[in-house]
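Q: With the input below, show me the fold.
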Amino acid sequence: MIVTDKRYYMHSTLKDNLDILKEYIRKDWYFIILVTGSNRVRIGKTTLAEQIAYYLDPKFDFSNVTFNPAKVREISLKKNKYEVVFYDEAKAGLDAKKAMENMQKSLLDFLAAAGQLNQFLIIVLPDYFELKKEIATNQSICLVNCYTKKGNFFDRGNFQFFNIEKKNKLYYWGKKQGGYYWAVSPDFTGDFNEFQILNKDKYSELKHKFLLDNKKEDPKDDIINRLENKINKQSEDIKKIREARDRVLFLAKKAGATQKEILKATGLSFSATNKINQMVSWLPKHKI
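A: Got it, this is the predicted structure:
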């Protein structure tokens, strides 16, 4: 079905479900829509999420979009009722896990007061199962998961739709099966095309800039790294000092010093010097 003034294709059943949300948001609701990619990248989730965003909000443009979870609140407060706020999880790998934790903390702090805004929040992320339960089940209204068909790893343009009940069951059963998106049958499956709502090059440029700036300007990470390096260095220094101490005690014992004399001279505990006794007993009896 062809939709909006931009005349792009949208699966008819997906459109019908979005129409329901468009109607009910005017009855004092706040809707979170999750768009995921089967824990894969380059699968088309951002493309489909943008198509959904524009269908819900014809004013949707780059001012609605953020890659920074801390900016969700800021954009929400600038937007009007019934408009879209669009958060795209930009990071990957270990950084993604940390970004996900930050996003969810910021979002949960914000959601307590967000309901009165009557907006759509679209969250784009690789994996549904990485979300905390509060957002994955209690707070979100539906899940749209992009996937490739079995037997064709590169066949993009397919999605599953889970309503609130199916989505919550998937979170439980899918997690038990190691993040399996077919653990629960979706309400329906559909297709989408590669129509770009926002300029793709500009979108990629903004995402890349965010990643560079975020990596360069994260003082907390820098402080943590420096503290960890300092602690590690101190641990190594302490280890070397203890090893040197043990060698000196070992040589003293081997030279004929008694345990009582070592205790008196060093102030060490009995157990520490006893370890030296054991070390000496393993060696042949000879003078240094």
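Q: Please identify the buried residues of stretch 144-152?
A: Buried residues in stretch 144-152, counted by 16 or more other Cβ atoms under 10 Å: 144-148. No exception for glycine: its C-beta is placed from N, CA and C like everyone else's.
Q: my bad, stretch 129-147
A: So stretch 129-147, judged by 16+ other Cβ under 10 Å, has buried residues 129-132, 135-137, 139-147.
Q: Out of these, which sit inside helices?
A: For those, not one is inside helices, with DSSP state H as the criterion.
Q: circling back: among the buried residues of stretch 144-152, find me the one that's closest to residue 15.
A: Closest to residue 15 out of these is residue 144 (12.5 Å), distances taken as Cβ to Cβ.
Q: Would you mind giving me the confidence score for that closest one?
A: Per-residue confidence (pLDDT) for residue 144: 98.
Q: correct me, but it touches residue 36?
A: Yes. Between residue 144 and residue 36 a contact is recorded at 7.5 Å, counting by Cβ atoms under 8 Å.
Q: ok, back up a step: residue 4: which of the buried residues of stretch 129-147 is nearest?
A: Ranked by distance to residue 4 (Cβ to Cβ), the buried residues of stretch 129-147 are led by residue 144 at 17.5 Å.
Q: residues in contact with that closest one?
A: Residue 144 makes contacts with 14, 33-36, 48-49, 52, 159-162, as judged by Cβ atoms under 8 Å, 6 or more residues apart in numbering.
Q: By neighbour count, which of those wins?
A: Greatest neighbour count in the contacts of residue 144, by other Cβ atoms under 10 Å, goes to residue 48: 29 neighbours.
Q: thinking again about what came up before, mind listing which of the contacts of residue 144 are in helices?
A: Per DSSP H, those map to helices at 14, 48-49, 52.
Q: between these, which is closest to residue 1?
A: For the ones in helices among the contacts of residue 144, the nearest to residue 1 is residue 14 (9.1 Å; Cβ to Cβ).
Q: Reformat the contacts of residue 144 as CSV; add pLDDT.
A: Compiled in CSV, the contacts of residue 144 are given as follows (pLDDT from 0 to 100):
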residue, pLDDT
14, 98
33, 98
34, 97
35, 98
36, 96
48, 98
49, 98
52, 98
159, 98
160, 98
161, 98
162, 98
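Q: Residue 5: which of these is nearest?
A: Closest to residue 5, out of all of those and judged by Cβ to Cβ, is residue 52, at 15.8 Å.
Q: May I ask you to confirm that the closest one is in contact with residue 35?
A: Yes. The pair residue 52 / residue 35 is scored as a contact, 7.0 Å apart, by Cβ under 8 Å.
Q: can you list residues touching both of these two?
A: Overlap of the contact sets of residue 52 and residue 35 (by Cβ under 8 Å, 6+ apart) consists of 122, 144.
Q: what mean pLDDT does the host helix or strand of residue 203 have?
A: Counting by DSSP states H and E, the element that carries residue 203 is helix 200-216. The average pLDDT within helix 200-216 is 87.
Q: Contacts for it, please.
A: 46, 62, 65, 67-68, 88, 90-91.
Q: Check these for burial and list the buried ones.
A: Buried among these by 16+ other Cβ under 10 Å: 46, 65, 67-68, 88, 90-91.
Q: now, among these, which is nearest to residue 188?
A: For those, the nearest to residue 188 is residue 46 (21.4 Å; Cβ to Cβ).
Q: didn't the closest one look like it was pressed against residue 125?
A: No. In this structure residue 46 lies outside contact range of residue 125 using Cβ under 8 Å: 10.3 Å.
Q: which neighbours do those two share?
A: With Cβ under 8 Å, 6+ apart as the test, residue 46 and residue 125 both reach residue 35.
Q: Show me the shaky parts of the stretch 51-200 of the chain.
A: 91-96 (pLDDT under 70).
Q: Strands along this structure, start to end?
A: For the chain, the strands defined by DSSP state E cover 2-3, 8-9, 31-36, 65-66, 84-88, 120-124, 142-147, 158-162, 188-191.
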